[in-house]
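1. Sharing a model that was predicted from the sequence below.
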2 protein chains.
Amino acid sequence: MASRTIENYLKQIYLSRPADETQWLTMGKLSMAVGVTPGTATSMVRAISDAHLVEYEPRAGVRLTPAGEQLALHVLRRHRLIELLLVKVLGLDWSEVHAEAEELEHVVSDRLLARIDEILHHPAFDPHGDPIPTAGGVVRRQDCCTVLDCPLDSPTRIARILDQSAEFLQYVNVCGLLPGAEISVASRNHQAQTVEVMVIKSGEKQALTLSFAVAEKFFVQTT
Amino acid sequence: MASRTIENYLKQIYLSRPADETQWLTMGKLSMAVGVTPGTATSMVRAISDAHLVEYEPRAGVRLTPAGEQLALHVLRRHRLIELLLVKVLGLDWSEVHAEAEELEHVVSDRLLARIDEILHHPAFDPHGDPIPTAGGVVRRQDCCTVLDCPLDSPTRIARILDQSAEFLQYVNVCGLLPGAEISVASRNHQAQTVEVMVIKSGEKQALTLSFAVAEKFFVQTT
DNA sequence: AAAACAATTTTGGGCAAGCAAAGTTAATTG
DNA sequence: CAATTAACTTTGCTTGCCCAAAATTGTTTT
Ligand SMILES: [Mn+2]
Ligand SMILES: [Mn+2]
Ligand SMILES: [Mn+2]
Ligand SMILES: [Mn+2]
């Protein structure tokens, strides 16, 4: 059994892996993601590599083996199912569940997880719109664009938000930009680096301005 | 914050404390309860005593300070509320929830615990009939007798079972001796050390024989 | 090509928990 | 009382995980 430390490393290696599959994740990035000093990450990765859960190339970086990826996806599945349970059944606010799940993901048994999955009717997405890997370790990929690059003036639906920080999610809540919300992008200003978004908030249409950096965090799906 | 190890020690010191308040809990008993060697218990208790959570008297034993007791009761509250949640909301069998709660009790936040308490309508007892300490750390004491010493031939109700092992609880399940079940004690045989119990199992009355040792595990309340 | 820089690895050390086995103490027994 | 025994404590060692700071390496810059 992998320790909770190792589970956290594997999960972060998965989440922080570079888009280009041939690339390695550097120790600097990993140590930041896990929240330890670079030296600690190096020696931990050495150990995890001895267990054949990652490949490690000194001065290049780290990459999950198939076994390591399965384990990472299992942790991610636990994390996201727990988040959804906390929102749907326990009634916590979606801005607080990430921190909570960060701990719970390491102690929930397979049996309990199966019950949670049943109660939620085998959901495909967590409260932030992140896909929940299947019990078999498969991630159903949804290709969609962001508020930054979707077509203008067409009605779309927010599908996913790429930020787990409680403060940001509370702001998102206030704006009504939650997953499922219908919006359309009115315009983009490349000089000011801002996007103007129309959102239906408690019945009436409202305009909202976001920076490019923030717009990029919102994935949308054309309806 | 107390580590999960310390939380476990405090909880076991509370649960294993001798009935006589003036007595100390010996290191032997404690090390058995926690599942470590006696030497480990001794040095751990020394450390916890430095934190003023217990009093430790070499060669006598250990005893909780008021601060330590509050912490222990908090852990116990988490444990028992979680057990009830797992049974009532998640639909786990009551024989499996103890092991599950043993881990979860250390990672559930105050906020989540408050939600659980609300959803369950501030329950007073867990699935085994054990009292749930209040948020203020008060244990509501119910004085009742056991199947070993209750009056004969009077209808009573099972209130509490003093054994958390899954196998035993599954047997209890089969016999219909769960908390809430109506029973009456027909006779006791002091030579054979057995008790004959009448229990209403799926409509019809059934007779059941238990040893003194097992009878003692069932607390009953006269109805 | 040399110097400077940034990223990474190595070294040395710390803390929390644990075990095994040796040493101590206190109670029990002959 | 002396000897034995059982319970407890001490000692020495291990493992997992972490940090700070020094050393190394690969890449830019000058
Ligand atoms: Mn985690
Ligand atoms: Mn999420
Ligand atoms: Mn526990
Ligand atoms: Mn219980």
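-> On my side now, so go ahead. Ligands and ions are numbered 1, 2, ... in the order given.
2. all contacts plus neighbour counts: C-alpha atoms, from now on.
-> Noted.
3. Disregarding residues adjacent in the polypeptide, which is nearest to the residue positioned nearest the centre of chain A?
-> Nearest to the geometric centre of chain A sits residue A:130, at 5.2 Å (C-alpha atoms, centre = their mean). Spatially, and ignoring its direct neighbours in sequence, residue A:130 is nearest to residue A:160 (6.2 Å; C-alpha to C-alpha, 6 or more residues apart in numbering or on different chains).
4. so who does residue A:81 touch?
-> The contact partners of residue A:81, by C-alpha atoms under 8 Å, 6 or more residues apart in numbering or on different chains, come to A:113, A:116-117, A:123, A:126, A:132.
5. Can you list the buried residues in whatever helix or strand it lives in?
-> Using DSSP states H and E, residue A:81 maps to helix A:66-88. For helix A:66-88, a neighbour-count test (16 or more other C-alpha atoms under 10 Å in any protein chain shown) marks A:68-87 as buried.
6. Quick check: mean pLDDT of that helix?
-> Here helix A:66-88 scores 98 as its mean pLDDT.
7. Pull the CA coordinates from that helix and hand them back as CSV.
-> Presented in CSV, the C-alpha positions along helix A:66-88 are these (Å, rounded to 0.1, in the frame of the first residue of the first chain):
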residue,chain,number,x,y,z
PRO,A,66,1.3,2.7,-16.1
ALA,A,67,1.2,1.3,-12.6
GLY,A,68,1.8,4.8,-11.1
GLU,A,69,-0.8,6.3,-13.3
GLN,A,70,-3.4,3.8,-12.2
LEU,A,71,-2.7,4.6,-8.6
ALA,A,72,-2.9,8.3,-9.3
LEU,A,73,-6.2,8.0,-11.1
HIS,A,74,-7.5,5.9,-8.2
VAL,A,75,-6.6,8.7,-5.8
LEU,A,76,-8.2,11.3,-8.1
ARG,A,77,-11.3,9.2,-8.3
ARG,A,78,-11.6,9.1,-4.6
HIS,A,79,-10.9,12.8,-4.3
ARG,A,80,-13.6,13.8,-6.8
LEU,A,81,-16.3,11.4,-5.7
ILE,A,82,-15.8,12.6,-2.2
GLU,A,83,-16.1,16.2,-3.3
LEU,A,84,-19.4,15.5,-5.0
LEU,A,85,-20.7,13.6,-2.0
LEU,A,86,-19.8,16.5,0.3
VAL,A,87,-21.7,18.9,-1.9
LYS,A,88,-24.7,16.8,-2.9
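8. ok, that helix near DNA strand D or not?
-> No: figure legend: helix A:66-88 not in contact with DNA strand D (C-alpha under 7 Å from any atom of the strand); closest approach 14.8 Å.
9. Any part of the next helix or strand after that helix near chain B?
-> Scanning forward in sequence from helix A:66-88 by DSSP H and E, the next helix or strand is helix A:97-104. Yes: judged by C-alpha under 8 Å from any C-alpha of the partner chain, helix A:97-104 comes into contact with chain B through A:100, A:103-104.
10. For chain A, just list every one of the helices.
-> Using DSSP state H, the helices of chain A run over A:4-16, A:27-34, A:38-50, A:66-88, A:97-104, A:110-119, A:166-175, A:212-215.
11. Comparing the ones you listed, which comes out most buried?
-> Per-stretch averages of neighbours, counted by mean count of other C-alpha atoms under 10 Å in any protein chain shown, single out helix A:66-88 among the helices of chain A, with a mean of 22.
12. what number of residues lie near residue A:108?
-> As a burial measure, residue A:108 scores 19 neighbours (other C-alpha atoms under 10 Å in any protein chain shown).
13. Next up, the contacts around it.
-> Applying C-alpha under 8 Å, 6+ apart, the residues near residue A:108 are A:78, B:100, B:104.
14. How about the residues of chain A by chain B?
-> So far as C-alpha under 8 Å from any C-alpha goes, chain A lies against chain B at A:90-92, A:100, A:103-104, A:107-109, A:112, A:115-116, A:119.
15. Just send the residues you listed back as TSV, with distance to ligand 3 too.
-> Conversion of the residues of chain A next to chain B to TSV gives the following (distance: C-alpha to the ion, whole Å):
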residue	distance to ligand 3
A:90	22
A:91	25
A:92	24
A:100	18
A:103	14
A:104	14
A:107	11
A:108	13
A:109	14
A:112	17
A:115	21
A:116	21
A:119	26
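16. I'd like those residues as JSON lines, with distance to DNA strand D appended.
-> JSON lines is the format used below for those (distance: C-alpha to the nearest atom of the strand, whole Å):
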{"residue": "A:90", "distance to DNA strand D": "29"}
{"residue": "A:91", "distance to DNA strand D": "31"}
{"residue": "A:92", "distance to DNA strand D": "28"}
{"residue": "A:100", "distance to DNA strand D": "18"}
{"residue": "A:103", "distance to DNA strand D": "13"}
{"residue": "A:104", "distance to DNA strand D": "16"}
{"residue": "A:107", "distance to DNA strand D": "14"}
{"residue": "A:108", "distance to DNA strand D": "17"}
{"residue": "A:109", "distance to DNA strand D": "18"}
{"residue": "A:112", "distance to DNA strand D": "23"}
{"residue": "A:115", "distance to DNA strand D": "28"}
{"residue": "A:116", "distance to DNA strand D": "27"}
{"residue": "A:119", "distance to DNA strand D": "32"}
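17. can you redo those as TSV with distance to residue A:156?
-> Converted to TSV, the residues of chain A next to chain B look like this (distance: C-alpha to C-alpha, whole Å):
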residue	distance to residue A:156
A:90	30
A:91	27
A:92	27
A:100	31
A:103	34
A:104	34
A:107	38
A:108	36
A:109	38
A:112	36
A:115	34
A:116	31
A:119	29
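18. residues from chain A in reach of ligand 3?
-> Within reach of ligand 3 by C-alpha under 5 Å from the ion, chain A has no residues at all.
19. need the residues of chain A near DNA strand D, please.
-> Going by C-alpha under 7 Å from any atom of the strand, the residues of chain A near DNA strand D are A:3-6, A:35-37, A:39-41, A:44, A:59.
20. Recalculate using a threshold of 6 Å.
-> A:3, A:5-6, A:36-37, A:39-40 (C-alpha under 6 Å from any atom of the strand).
21. which one of the residues you listed is nearest residue A:210?
-> If you rank the residues of chain A next to DNA strand D by distance to residue A:210 using C-alpha to C-alpha, residue A:36 comes first, at 32.5 Å.
22. Need the per-residue pLDDT for that closest one.
-> pLDDT recorded at residue A:36 is 98.
23. Please give the number of neighbouring residues around it.
-> 12.
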